[in-house]
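>>> coords below, sequence missing:
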Ligand SMILES: Nc1ncnc2c1ncn2[C@@H]1O[C@H](COP(=O)(O)OP(=O)(O)OP(=O)(O)O)[C@@H](O)[C@H]1O
């Protein structure tokens, strides 16, 4: 028996996580004749890693720069916790970002670089020491930024992003230039930041990288949204066909076709589309036809991504590295 809940409906309370949501609304950014971002809308929530995927030139960096108030939208808006970046007091406490690792002043030491950033946001030196420790740079804190390897500079960029202990983190192609150990480190870091309930948006042009790191993906091409989905949904959506093995292929083929399925024979198996595995099993059972194998086959995530973005690859931008 179902019990009707007659308690009065309370007005929805503002969820505590709202301050951590990134919202991009109808964002358009033009550079002269180029529309880098074209009416893009999506939202990114806390507690998971969201991959921001698209071929080179798709508008990912421009979107992230708009979220960070570094690029002024031509129209639309990009908000964090309902506010534009410029409206957030002491923004490093709310939003941290790793954009271009080469942006740090080469003549300063790693420690001084972070201290200057920290002071601008009222953050003390203790925190500088703590983040240097956290990213594994404590041993080179007194080295000039210019003398650091690319991987170390990337870690320094992450340290800067973490300085204010922000709830929202944006990483633009963070694995670029990292060695395998560095890549594993940054993947683990992003996952643990998300597990702490933070909002993590990370851009990449590699689906394979995102499959290992992200829970959700926002896929863009030519400045427009192509798809917003969980990684799971993405692989489900690209389920291709069902592989069926039977000792009586001709009869099963006829029965499947009569039920509206598309059937192709390949290497002694039937490849069936337009009917799912339970449907095929039921149909074979009803026709008393034995089935020895029934395997739903999906496209790999990489294939799914390439299919999704195929029309969006900007060959002029050299975005053909696949
Ligand atoms: N400052 C700028 N001036 C002129 N054009 C720009 C500028 N910034 C970006 N663009 C153009 O806007 C488009 C989107 O670039 P953006 O860097 O945002 O893409 P992306 O998805 O981050 O690609 P990538 O992975 O190559 O960085 C590209 O065609 C790029 O050439």
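Thanks, I have it. It should be emphasised that the depicted structure is a prediction, and the values quoted were computed from it without experimental measurement.
>>> So what's the residue count around residue 219?
By other Cβ atoms under 10 Å, the residues close to residue 219 number 24. (Glycine included, C-beta is placed from N, CA and C.)
>>> That one contacts residue 308, doesn't it?
Yes - here residue 219 lies in contact with residue 308, judged by Cβ atoms under 8 Å, at a distance of 5.7 Å.
>>> what do those two both touch?
Common neighbours of residue 219 and residue 308, using Cβ atoms under 8 Å, 6 or more residues apart in numbering, are 226, 227.
>>> burial count for the residue of the stretch 101-250 of the chain at minimum distance from the ligand?
Residue nearest to the ligand within the stretch 101-250 of the chain (Cβ to the nearest ligand atom): residue 205, separated by 5.2 Å. By the measure other Cβ under 10 Å, the count of residues near residue 205 is 22.
>>> ok, now residue 91?
20.
>>> go on, residue 152?
19.
>>> Wasn't residue 218 part of a strand?
Yes - according to DSSP: H, G, I helix; E, B strand; the rest coil, residue 218 belongs to a strand.
>>> Surely the residue of the stretch 101-250 of the chain closest to the ligand and residue 51 touch.
No - using Cβ under 8 Å as the test, residue 205 is too far from residue 51 to be in contact (10.5 Å).
>>> tell me which parts of the chain are close to the ligand?
Within the chain, the positions near the ligand by Cβ under 6 Å from any ligand atom are 31, 34, 36, 54, 56-62, 205, 317.
>>> Check the residues you listed and tell me the two furthest apart.
31 and 205 (19.4 Å; Cβ to Cβ).
>>> Please give me every residue in contact with residue 85.
By Cβ under 8 Å, 6+ apart, the neighbours of residue 85 are 67, 68, 69, 78, 91, 95.
>>> at 10 Å instead, please
Counting by Cβ atoms under 10 Å, 6 or more residues apart in numbering, residue 85 makes contact with 65, 66, 67, 68, 69, 70, 78, 79, 91, 94, 95, 97.
>>> Skipping its backbone neighbours, what lies nearest it in space?
residue 69 (3.3 Å; Cβ to Cβ, 6 or more residues apart in numbering).
>>> What average pLDDT does the host helix or strand of residue 130 get?
Following DSSP states H and E, one finds residue 130 within helix 125-134. What helix 125-134 shows for mean pLDDT is 95.
>>> for stretch 222-232, same thing?
90.
>>> and it, how far from the chain's centre?
Relative to its parent chain, stretch 222-232 has a centroid offset of 9 Å by Cα atoms, centre = their mean, to the nearest Å.
>>> going forward can the numbers begin at 818, since that is how I track them
Got it, first residue is 818 now, which makes that one stretch 1039-1049.
>>> tally of neighbours for residue 1041?
16.
>>> Verify the stated contact: it with residue 853.
No - at 11.1 Å, residue 1041 does not count as touching residue 853 under the criterion of Cβ atoms under 10 Å.
>>> Give me the common contacts of these two.
875, 876.
>>> Would you mind giving me the confidence score for residue 1028?
In this prediction residue 1028 is given a pLDDT of 83.
>>> With the one 4 residues further on instead?
Reading off the per-residue confidence, residue 1032 sits at a pLDDT of 94.
>>> sorry, back to before: for the contacts of residue 902, which entry has the maximal number of neighbours?
Highest count within the contacts of residue 902 by other Cβ under 10 Å belongs to residue 883, 27 neighbours.
>>> Out of the contacts of residue 902, which is nearest to the ligand?
Using Cβ to the nearest ligand atom, those come closest to the ligand at residue 882, 7.5 Å.
>>> Tell me if I'm right that that closest one and residue 841 touch.
No - between residue 882 and residue 841 there is no contact under Cβ under 10 Å: 11.8 Å.
>>> Which stretches in the stretch 868-1017 of the chain count as strands?
For the stretch 868-1017 of the chain, the strands defined by DSSP state E, counting those that start in this stretch cover 892-897, 912-915, 985-989, 1016-1021.
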